[in-house]
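A.B. asks: coords below, sequence missing:
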């Protein structure tokens with residue numbers, strides 16, 4: 001065993017699967033391997049918060065903050081320029097609705113909203129467009145991610161899903 005280096009550590013070994021990309025689709029074809037194609041076909045006991053005609057909102061399985069949603073088109077498209085005018089409009093409507101709902105149910109004070117277009121831009125699943133809606137609060141950034149690379153989440157995903165879905 002190595003000598004102590006005086007660091008206290010919090011271990012989150014479940015995150016290693018995400019960091020290594022395990023179970024992440026390696027292709028851009030739609031189908032069962034694409035979680036954004038598969039999620040809407042599951043029942044209401046999933047992390048899907050709301051369903052529209054062309055898009056849906058789902059909680060991020062690896063959230064940056066509690067309530068981190070993604071707005072996804074049902075159609076498997078990789079790029080924002082591939083969306084139809086109607087899909088763009090509904091992505092916008094769902095983004096606005098997400099913000100209003102998160103403000104109401106969690107008191108969110110701000111948001112990070114964005115699309116990572118392509119794997120080189122940070123898209124974990126580049127083959128299926130998804131827009132992040134990340135709620136923010138004053139003081140939500142603290143020493144944990146900086147010092148230990150760990151994010152503290154005050155609520156289970158299923159509980160967060162129930163609260164947001166009820167508020168939707």
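C.D. replies: Sure, I can see it. What you see is a predicted model, and the numbers here were worked out from it, not measured in a lab.

A.B. asks: Report the residue spans of this protein with pLDDT below the cut-off.
C.D. replies: Applying pLDDT under 70 to the chain flags residues 1-32, 44, 141-154.

A.B. asks: That one: helices as residue ranges?
C.D. replies: For the chain, the helices defined by DSSP state H occupy 15-20, 35-38, 85-106, 143, 157-167.

A.B. asks: ok and the longest one relative to helix 157-167, angle-wise?
C.D. replies: Which is helix 85-106. Calculated by axes from the mean of the first three to the mean of the last three CA atoms, to 10 degrees, helix 85-106 forms an angle of 110 degrees with helix 157-167.

A.B. asks: buried sites along helix 85-106?
C.D. replies: 87, 90, 91, 94, 95, 97, 98, 99, 101, 102, 105, 106 (16 or more other CB atoms under 10 Å). Backbone N, C-alpha and C define where each C-beta goes, glycine included.

A.B. asks: Distance to residue 58 added to these, as JSON lines?
C.D. replies: Shown next, in JSON lines, are these (distance: CB to CB, whole Å):
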{"residue": "87", "distance to residue 58": "16"}
{"residue": "90", "distance to residue 58": "14"}
{"residue": "91", "distance to residue 58": "13"}
{"residue": "94", "distance to residue 58": "11"}
{"residue": "95", "distance to residue 58": "13"}
{"residue": "97", "distance to residue 58": "14"}
{"residue": "98", "distance to residue 58": "11"}
{"residue": "99", "distance to residue 58": "16"}
{"residue": "101", "distance to residue 58": "13"}
{"residue": "102", "distance to residue 58": "14"}
{"residue": "105", "distance to residue 58": "16"}
{"residue": "106", "distance to residue 58": "17"}
